[in-house]
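Asker: let's see this in three dimensions:
(chains A and B)
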Amino acid sequence: MTLIVNNAAVPSGTKPVSIRVNIPWFLRHLAGGVETVLVEGSTAGECLEHLTKQFPALRDRLFDTKTGKLLYSVDIYVNRESSYPELLDRPAADGDEIDIMFIIAGG
Amino acid sequence: MLTGDELGRYDRQIMIRGFGREGQEKLKRARIFIAGAGGLCSAVATYLAAAGVGVMRIVDHDRVELSNLNRQVFHWDEDLGKGKAASAIAKLRRLNPGVKLEAIEAMITGANAAQLVSGFDLIVDATDNLPARFLLNKVALQKKIPLFHGAVYGFEGRVMTVLPGESACLRCVYHGLIPEEKIPVIGVTPAIVGCIQATEVIKYIVGMGHLLTNRLLDYNGLDMKFTEFRVKRDPDCEQCGRSIGD
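Answerer: Residues are numbered from 1 along each chain as shown, chains lettered A, B, ... in the order given. Next comes the predicted model:
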């Protein structure tokens, strides 16, 4: 079960956490309609793993279904800073904020 | 040297502290290359023409289609089927006859990109696909011409300014590719993003303010938020990294 607190999704039955993952506007329908989900994890990868456990429909929008790797079209920012080249290995801690950024190219 | 008419026309911006006649003269001397004559260009080129830049070359190989008209406000019903670059130039001539304008109906390719941008002071990236953007980025780096990037998707847009040899380039930020697809977009998004690009161009030419270098500005029209993301040069960047050199 997932609770919605201050427009952020909080998984019930877990210890309090404060890593926030901001959901791109066009994927929010796959994440209960919320802007932000609270997650646990010590790396960006673990945080996204926790995110996709709460909202499984997000998984194949973020990860290659065959290799399990982050899609080439996705970049991860932690505290507004690019996690490249560490990407999923980038450390994360309480209070951090993670943004999922898709490449956009329209003109 | 500004004429009397020009002093009158640009009076309100010449009044801006730090802008002055000197800033206006810099704009008048500026030669701007714009890649793409769609939604972003409709905003960028309009405000650069209104501001009184010297020369603009607009390059686009497409022709105006009905589905362009929700956002590419340069192109009107009467322009359906016409070349987009020529359609854009026709409107700009009426807006400001003092700007020297050139339309080129061509696809920007690896074979012609360097020649197309030759002689221009800066490049505005107003294209609609990633391969063209990476190509412009590469040429900008090679020829050391500043690149003003803008992109949109739906209600979201991004802007970044690239100073070759000094700041992160587009390839430092975007490492992958995306499949070519029809992109959803509402007209107000490229209007806002294009105006920010034009602001960056004017600031760069006049020498005012702080540019969006090493900063990727994300605009989310649905949440009505502007978020700034820090980016940095990637030492291993395939277009501006150590192996390429400055």
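Asker: how many residues are close by residue 66?
Answerer: You didn't say which chain, so I picked chain A. Counted by other C-beta atoms under 10 Å in any protein chain shown, the residues lying close to residue A:66 total 6. Every C-beta, even on glycine, is put in place using the N, C-alpha and C of the backbone.
Asker: ah, I was thinking of chain B
Answerer: Neighbour count for residue B:66, taken as other C-beta under 10 Å: 10.
Asker: looking at it, it is touching residue B:79, isn't it?
Answerer: No: contact criterion C-beta atoms under 8 Å: residue B:66 and residue B:79 do not qualify, at 10.7 Å.
Asker: which residue sits closest to the residue in chain A positioned nearest to chain B, ignoring its sequence neighbours?
Answerer: Closest to chain B within chain A is residue A:72: 2.8 Å, counting by C-beta to the nearest C-beta. In this structure, residue A:72 finds its nearest non-sequential neighbour in residue B:176, 2.8 Å apart by C-beta to C-beta, 6 or more residues apart in numbering or on different chains.
Asker: quickly find the element holding that neighbour.
Answerer: Taking DSSP states H and E as the definition, one finds residue B:176 inside no helix or strand.
Asker: and it, how far from residue B:228?
Answerer: Look at residue B:176 and residue B:228: by C-beta to C-beta, to the nearest Å, they are 22 Å apart.
Asker: pretty sure residue B:40 contacts residue A:105?
Answerer: No: with contact defined as C-beta under 8 Å, residue B:40 does not count as touching residue A:105 (11.1 Å).
Asker: and for these two, which residues touch both?
Answerer: Counting by C-beta atoms under 8 Å, 6 or more residues apart in numbering or on different chains, the shared contacts of residue B:40 and residue A:105 are residue B:151.
Asker: quick one, which of the two is more surrounded?
Answerer: residue B:40 (35 against 25).
Asker: could you pull up the contacting residues of the more buried one?
Answerer: By C-beta under 8 Å, 6+ apart, the contact set of residue B:40 is A:107, B:124, B:126, B:150, B:151, B:152, B:190, B:193, B:194, B:197.
Asker: then residue B:92?
Answerer: By C-beta under 8 Å, 6+ apart, residue B:92 lies in contact with B:45, B:46, B:49, B:56, B:99, B:101.
Asker: ok, residue B:23 next?
Answerer: Residues in contact with residue B:23, defined by C-beta under 8 Å, 6+ apart, are B:13, B:14, B:16, B:205, B:206, B:207, B:208.
Asker: specify the local secondary structure of it.
Answerer: helix (DSSP: H, G, I helix; E, B strand; the rest coil).
Asker: and if you look at the one 10 residues further on?
Answerer: Here residue B:33 takes the strand state, with states given by three-state DSSP.
Asker: and for residue B:161?
Answerer: Assigned state for residue B:161: strand (three-state reduction, three-state DSSP).
Asker: name the residues linked to it by a beta bridge.
Answerer: Using DSSP bridges, the bridge partners assigned to residue B:161 are residue B:148.
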